[in-house]
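**Student:** please find the sequence and the predicted model below.
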Amino acid sequence: MDYLIHKLLDKKTAQKIIREILSNQSDWKDGKRTAGSFASKVKNNLQLDRNSELSINASDEITSHMLKDPLIKSFSLAKIIHGLMFSKAGLGQGYGTHIDNPYMSSGRSDLSFTLFLSEKNNYEGGELCIQTMQGSNSFKLDMGEIIIYPSTSLHSVEKVSSGQRIVCVGWIESYVSSNEERSFLFGLEAGAKGLLAKYGQSPELDLIFQSYGNLLRRMGD
């Protein structure tokens, strides 16, 4: 699986985070300030100052939800969740095609994520577009849904044609840097857990979990 779409926050929690991060408009700055030399040429949005109390508190809350989520833990094998930023884009704003920096001051980017905080019916445009060998996939998710995808992918955000798009973006440094190997482990663990739920524990299943653990040791950093 190249990407994971998952409901991370309920509507009430997402709405609370939006209210908090919008409570001080002076903390919102030009998004070009956090972009590299190339990305700054195609980036047009506003971002909440990472060092502001609003950003730190909301980032900590989202990180806590991600670290406790079993599916996200299994899919990402996260060592560090880092670099969280809150972004908003209004009329005519978006983010052209770019790739995320492989190394940041906060950690390595193995996986990127976008957590959608706005109601998707409250704005037009603003789709996250991820390029693959087969073409481009577009995503516009419900409030509180997150998409996690390989940071090796070229991606962009379509221009907003009405309303306002508010999201949280960030990165994951995984214990397993290889997307392919991480996918193998995710499938193996999901299959083993499915068998455990259906048939209960068995010596054969113990061997599968043993193999999973030993593969993780070999593949991990």
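**Tutor:** Everything's here; your move.
**Student:** so what are the sheet partners of the helix or strand containing residue 129 and their directions?
**Tutor:** When secondary structure is defined by DSSP states H and E, residue 129 falls within strand 128-132. Strand 128-132 has these partner strands in its sheet, going by DSSP bridges: strand 135-139 (antiparallel), strand 155-157 (antiparallel).
**Student:** what's next to the top helix by length along the chain, contact-wise?
**Tutor:** In the chain, ranked by residue count with DSSP state H as the criterion, the top helix is helix 179-199. Outside helix 179-199, the residues that touch it by Cβ atoms under 8 Å, 6 or more residues apart in numbering are 1-2, 74-77, 110, 150, 152, 174, 176, 205, 208-209, 211-212, 215-216, 219. In short, each C-beta sits where N, CA and C put it, glycine included.
**Student:** how does it look with 7 Å?
**Tutor:** Residues external to helix 179-199 that are found in contact with it (Cβ atoms under 7 Å, 6 or more residues apart in numbering): 1, 74-75, 77, 150, 152, 174, 176, 205, 208-209, 212, 215-216, 219.
**Student:** pull out the buried members of those residues.
**Tutor:** Burial of the contacts of helix 179-199 was assessed by neighbour count (16 or more other Cβ atoms under 10 Å); the buried members are 75, 77, 150, 174, 176, 208, 212, 215, 216, 219.
**Student:** after the top strand by length along the chain, next one along is what?
**Tutor:** When the chain is parsed with DSSP state E, its longest strand is strand 78-89. Moving toward the C-terminus from strand 78-89, the first helix or strand encountered (DSSP H and E) is strand 94-98.
**Student:** what pairs with that next one, parallel or antiparallel?
**Tutor:** According to DSSP bridges, the neighbouring strands of strand 94-98, each with its direction, are strand 43-44 (antiparallel), strand 155-157 (antiparallel).
**Student:** what mean pLDDT does the shortest one have?
**Tutor:** Model confidence over strand 43-44 averages 92 on the pLDDT scale.
**Student:** now do the helix or strand just after that strand: which elements does it pack against?
**Tutor:** Heading C-terminal from strand 43-44, the first helix or strand you meet, by DSSP H and E, is strand 46-48. Strand 46-48 is packed against strand 28-30, strand 78-89, with contacts defined by 3 or more Cβ pairs under 7 Å, 6 or more residues apart in numbering; DSSP states H and E.
**Student:** tell me which of these is the most buried.
**Tutor:** When the helices and strands packed on strand 46-48 are scored by mean count of other Cβ atoms under 10 Å, the highest mean neighbour count falls to strand 78-89 (a mean of 21).
**Student:** domain parsing for the chain?
**Tutor:** What automatic domain parsing lists as the domains of the chain is 4-174, 179-219.
**Student:** among these, which is the most enclosed?
**Tutor:** Counting by mean count of other Cβ under 10 Å, the most buried of those turns out to be domain 4-174, with a mean of 17.
**Student:** what distance separates the start and the end of that one?
**Tutor:** Terminal residues of domain 4-174 are spaced 15 Å apart (Cα to Cα, to the nearest Å).
**Student:** chain center to that domain: distance?
**Tutor:** Average the C-alpha atoms of domain 4-174, do the same for its chain, and the two points are 6 Å apart (Cα atoms, centre = their mean, to the nearest Å).
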